[in-house]
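Engineer: Below are the sequence and a predicted model; questions follow.
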Amino acid sequence: MRRSIENLIPYNPGKSLEELERELGKPVIKLSANESLWGPSPKVEEYLRGIFNNLMYYPDGAVTELKTTLASYWKLHTNNFCVGNGTDEIISLLFAAYLNPGDEVIVPLPTFSSYELSATVYDAKIKFIKQEDLVFNLSEIEKQMNKKTKMVFLCNPNNPTGTYFTHKELEAFLELVSSETLVILDEAYCHYSTTPDFPCAKEILKKYNNVIVLRTFSKVYALAALRVGYGVASSHIIGELEKVRSPFNVNSMAQVAAKIALEDENYTNKIIKETVKEREWLTKELKAMGLIVLPSQSNFVMVKITNAQLIADKLLNEGILVRNMSSFDLPEWLRISVAPHKYMQQLIACFKEIIEQ
Ligand SMILES: Cc1ncc(COP(=O)(O)O)c(C=O)c1O
């Protein structure tokens, strides 16, 4: 066993939806993992049927068609993309490709847990930088960097807060960061951003060779079950990741589904519009109850409430699963995924009833 994993606790994915429903004896609305309950483009289902005749073959190890579609979407070359079994795999590949003994990694907190998990497995020295007001302060983060800083993880909009930093703030940061430091810009939720000052990843990539942008098909494209995400960066960075990627890491269904989902822009735009509308409605309703809600640019909102765990338990009794934030060291907060209106109405009705009890 590697010493770095001696005290590592395996990731706890929680109970499956099926198990929860069996236990409760009723259907559960899952609003705990920032998935898109609108589901994927109907075109995806149509194309997936074609795959069943070819299940005996290995997937395309070079992910040719999806990379070609990505290249045209981003107006870049196919060698600017590394596709993974979820963005989670790309995060792990970054460590496999880049981390040497003694290297430091910066992880602002609170943020997505995979960065810490992979960093621990690869024995990185992690410097956590707590963001006091739950918004990333890039100039403060930059001040904590030094010659040993090999990577810095910036999630934008951030999970679990939904807050964001601007293009201007990011550029000012990148101007100061050493070109030897890899800046990982995790944009899993960027599609839901409606603010004009949100970073333009294409421009950032054109200007800075030490940046990799991460995107996933698990959120707005609603393909979380198929596990597909990617990194986009200079061909040099991608070349290093390709060296450590296992040969057939992305299955055939995931490759086809992601390509079709990316091409169906009308559907994606429709889902973004609806999600944003529901996010604003949910925020307004929660605030009307006198609760503090963080301004979100994502497909979830974080709400502050005393007895958060008790409220989450009571909501679950009513068949609604939300995420208590104690694992992020925010025990007074709940994170709620935005979903179609009928679910949001049900959630708000239950919330009101529980609070008034
Ligand atoms: C910020 C962020 N990045 C990456 C991921 C993982 O994405 P994937 O499902 O592609 O592994 C998540 C999942 O919740 C996330 O919140």
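Structural biologist: Looks like it came in fine.
Engineer: Quick check: residues of the stretch 51-200 of the chain near the ligand?
Structural biologist: Gly86, Thr87, Asp88, Phe112, Cys155, Asn159, Asp186, Ala188 (Cβ under 6 Å from any ligand atom). For glycine as for every other residue, the C-beta is placed from the backbone atoms N, C-alpha and C.
Engineer: Need phi/psi at the closest residue to the ligand within the chain.
Structural biologist: Shortest the chain-to-the ligand distance, computed as Cβ to the nearest ligand atom: residue-wise this is Gly86, at 2.7 Å. Main-chain dihedrals, Gly86, degrees, to the nearest 10: phi 90, psi 160.
Engineer: Can you get me a residue count around it?
Structural biologist: Residues lying near Gly86 (other Cβ atoms under 10 Å) number 22.
Engineer: Quick check: closest non-adjacent residue to it.
Structural biologist: Spatial nearest neighbour of Gly86, chain neighbours left out: Arg227 (4.3 Å); criterion: Cβ to Cβ, 6 or more residues apart in numbering.
Engineer: residues touching that neighbour, list them.
Structural biologist: By Cβ atoms under 8 Å, 6 or more residues apart in numbering, the residues touching Arg227 are Asn85, Gly86, Glu89, Ser218, Val250, Asn251, Ala254.
Engineer: One more: Val135?
Structural biologist: Neighbours of Val135 in contact, by Cβ under 8 Å, 6+ apart: Thr161, Thr163, Phe165.
Engineer: can you put those residues in JSON lines and add secondary structure, pLDDT and distance to Pro199?
Structural biologist: Output for the contacts of Val135, formatted as JSON lines (DSSP: H, G, I helix; E, B strand; the rest coil; pLDDT from 0 to 100; distance: Cβ to Cβ, whole Å):
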{"residue": "Thr161", "secondary structure": "coil", "pLDDT": "97", "distance to Pro199": "16"}
{"residue": "Thr163", "secondary structure": "coil", "pLDDT": "97", "distance to Pro199": "13"}
{"residue": "Phe165", "secondary structure": "coil", "pLDDT": "98", "distance to Pro199": "7"}
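Engineer: What residues sit buried inside the helix or strand Leu315 falls within?
Structural biologist: Here Leu315 sits within helix 308-317, counting by DSSP states H and E. Across helix 308-317, burial judged by 16 or more other Cβ atoms under 10 Å covers Ala308, Ile311, Ala312, Lys314, Leu315, Leu316.
Engineer: ok, and what's touching that helix?
Structural biologist: Residues contacting helix 308-317 (Cβ under 8 Å, 6+ apart): 20, 24, 28, 305, 321-326, 331-334, 347, 350-351, 354-355.
Engineer: Just the buried ones out of the contacts of Arg227, please.
Structural biologist: Applying 16+ other Cβ under 10 Å to the contacts of Arg227 flags Asn85, Gly86, Glu89, Ser218, Val250, Asn251, Ala254 as buried.
Engineer: From the contact counts, what lies against the one helix or strand the last one maps to?
Structural biologist: Looking back up the chat, that one is Ala254. In this structure, Ala254 sits in helix 252-263 according to DSSP H and E. Helices and strands touching helix 252-263, by 3 or more Cβ pairs under 8 Å, 6 or more residues apart in numbering; DSSP states H and E, are helix 42-51, helix 64-74.
Engineer: So which of those has the densest surroundings on average?
Structural biologist: helix 64-74 (a mean of 17; mean count of other Cβ atoms under 10 Å).
Engineer: quick one, that one and helix 252-263 angle?
Structural biologist: Between helix 64-74 and helix 252-263, the angle comes out at 20 degrees (axes from the mean of the first three to the mean of the last three Cα atoms, to 10 degrees).
Engineer: then helix 64-74 to PDB, C-alphas only?
Structural biologist: Output in PDB follows, covering the C-alpha atoms of helix 64-74 (Å, rounded to 0.1, in the frame of the first residue of the first chain):
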ATOM      1  CA  THR A  64     -11.900  10.500 -32.600                       C
ATOM      2  CA  GLU A  65     -15.400  11.600 -33.300                       C
ATOM      3  CA  LEU A  66     -16.100  13.300 -30.000                       C
ATOM      4  CA  LYS A  67     -12.700  15.100 -30.200                       C
ATOM      5  CA  THR A  68     -13.500  16.300 -33.700                       C
ATOM      6  CA  THR A  69     -16.800  17.700 -32.500                       C
ATOM      7  CA  LEU A  70     -15.100  19.300 -29.500                       C
ATOM      8  CA  ALA A  71     -12.500  20.900 -31.800                       C
ATOM      9  CA  SER A  72     -15.200  22.400 -34.000                       C
ATOM     10  CA  TYR A  73     -17.100  23.600 -30.900                       C
ATOM     11  CA  TRP A  74     -14.000  25.300 -29.400                       C
END
